[in-house]
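Participant: This is a predicted model, with the sequence first.
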Amino acid sequence: MAMLKNVIRIPILAFLFLLGSLISGCAMKYPQLPYNLDRPDKTYTLPGELREISGITWLDDKHIAGVQDEDGYIFVLRLKDGKVVDKVKFEKDGDYEDITKAKKKLYILRSDGTLFKVKDWDSKEQHTKKYKTHLDESNDTEGLCYDPLEHRLLVACKDDPGESKKLKHHRAIYAFDLKEKKLKNKPVLKINLKELQAIAREQNTFLGKFDFMPSGIAIHPLTGDIYVIAASGKLLVIMDREGTIRTAIRLSEFLFPQPEGITFTDSGDLLISNEGRLGNANILLFKPVP
């Protein structure tokens, strides 16, 4: 009987060793996220008027700004407690999906690819200018962020990537040149969905039906990595500036019921906003893991 126990024990130990090796190898191949997304350092519960919050951007050490996908207002929130301290009307009601700060100006993205530049947004001289792009409702533009290295805006499409059948199994990110005030005709970054699915499953991020429809985008201020979040698919994808996928993280359904917005503070704190499905919307803050 003792011999039989040893015979059984050896394969089990071998299996555990192999499993450990695979996990270790996967961790080496795909770097770990520098945030613990299971434990937010702070949670901001938002008022009812922001239940449909769709995008956020960092303003300064004390404030962030957000938009919601029905009203043409910029909401200024206090980082201390998430309270709305100012509302700025920039356009009539519409399906506004994201907001970003580029130097002293704010830009808002509508789902049909239209961009709105808000100058002097915090003064009585506030002025809005509209830029129509070649993207439309079929592309369903939802993600917007400022790229300071290239002085451009990155626009992520949730649905149709454009370029006919060439990008059938891709998601596309376009660039809006802030000097030329024009959107580039072709995507500057492409996410291959089949490649992403393979990476996600290799990391045990996805074991069931796969889906990835970007809802927000941001650039890490210290590493330069590009973070793309998807409410549909509950996935956070990190890429380098060339578009190489570094890692993919499955988001908790409990903590992230509807992740729509993403931004960073200058020091590298990560903020993710969730629309309110059954209750109030919120913003989760994650500090880098030491």
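Facilitator: Cool, got the structure. Residues are numbered from 1 along each chain as shown.
Participant: what residue ranges in the chain are flagged as low confidence?
Facilitator: Applying pLDDT under 70 to the chain flags residues 1-30, 164-165, 204-208.
Participant: hey, where'd the helices end up in it?
Facilitator: 2-29, 193-202 (DSSP state H).
Participant: So in terms of bridging, what pairs with the nearest residue to Lys181 once chain neighbours are set aside?
Facilitator: Excluding the flanking residues, the one nearest Lys181 by CB to CB, 6 or more residues apart in numbering is Tyr131, at 6.2 Å. Any C-beta I mention is one placed from the backbone N, CA and C, and that applies to glycine too. Residues in a beta bridge with Tyr131, per DSSP bridges, are Leu115.
Participant: What of Lys105?
Facilitator: Bridge pairing for Lys105 - DSSP bridges - gives Ala102.
Participant: That one: neighbouring residues, count only.
Facilitator: Lys105 has 15 neighbouring residues, counting by other CB atoms under 10 Å.
Participant: And Ala65, by the same measure?
Facilitator: With other CB under 10 Å as criterion, Ala65 counts 24.
Participant: again, but for Pro214
Facilitator: 25.
Participant: who touches it in this structure?
Facilitator: Pro214 makes contact with Glu142, Gly143, Ala156, Cys157, Lys158, Arg171, Ile173, Ile191, Val228, Ile229, Ala230, according to CB atoms under 8 Å, 6 or more residues apart in numbering.
Participant: gap between the last one and Asp147?
Facilitator: Ala230 sits 20 Å away from Asp147, taking CB to CB, to the nearest Å as the criterion.
Participant: Could you do the fourth one as well?
Facilitator: According to CB to CB, Cys157 and Asp147 sit 16 Å apart.
Participant: More neighbours: those two, which one.
Facilitator: A direct count of neighbours by other CB under 10 Å for Cys157 and Asp147 places Cys157 higher, at 25 against 20.
Participant: For the more buried one, list the residues it contacts.
Facilitator: Leu135, Asn139, Asp140, Thr141, Glu142, Gly143, Arg171, Ala172, Ile173, Tyr174, Pro214.
Participant: What residue, apart from its backbone neighbours, is nearest it spatially?
Facilitator: Asn139 (4.4 Å).
Participant: What is the neighbour count of the one you found?
Facilitator: By other CB under 10 Å, neighbour count at Asn139 equals 22.
Participant: That one and Asp160 touch, don't they?
Facilitator: Yes: between Asn139 and Asp160 there is a contact under CB atoms under 8 Å: 5.0 Å.
Participant: where exactly do the strands run in the stretch 51-200 of the chain?
Facilitator: In the stretch 51-200 of the chain, the strands defined using DSSP state E, counting those that start in this stretch lie at 53-60, 63-68, 73-78, 84-89, 96-102, 105-110, 115-119, 127-131, 141-147, 152-157, 170-177, 182-183, 189-192.
Participant: buried stuff in the fifth one?
Facilitator: Judged by neighbour count (16 or more other CB atoms under 10 Å), strand 96-102 contains these buried residues: Tyr96, Glu97, Asp98, Ile99, Thr100, Lys101, Ala102.
Participant: How about the third one?
Facilitator: If you call a residue buried by 16+ other CB under 10 Å, then strand 73-78 has these buried ones: Tyr73, Ile74, Phe75, Val76, Leu77.
Participant: For Gly48, state which of those residues is nearest.
Facilitator: Phe75 (12.2 Å; CB to CB).
Participant: can you list the domains in this protein?
Facilitator: As assigned by automatic domain parsing, the chain contains the domains 1-30, 33-286.
Participant: Neighbours of the residue lying closest to Gly113 once chain neighbours are set aside, how many?
Facilitator: Leaving aside its sequence neighbours, Gly113 sits nearest to Leu135 (CB to CB, 6+ apart; 2.9 Å). Using other CB under 10 Å, Leu135 is surrounded by 24 other residues.
Participant: Check the separation of the first and last residues in stretch 183-190.
Facilitator: 16 Å (CA to CA, to the nearest Å).
Participant: Correction: the previous question concerned stretch 260-279.
Facilitator: 15 Å.
Participant: And it, what's buried?
Facilitator: 260-265, 269-276.
Participant: Serialize the residues you listed to TSV and add fields for distance to Asp120.
Facilitator: Shown next, in TSV, are the buried residues of stretch 260-279 (distance: CB to CB, whole Å):
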residue	distance to Asp120
Glu260	27
Gly261	23
Ile262	26
Thr263	21
Phe264	24
Thr265	23
Asp269	27
Leu270	29
Leu271	25
Ile272	29
Ser273	25
Asn274	31
Glu275	29
Gly276	31
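Participant: Before I go, just wanted to say thanks for your time.
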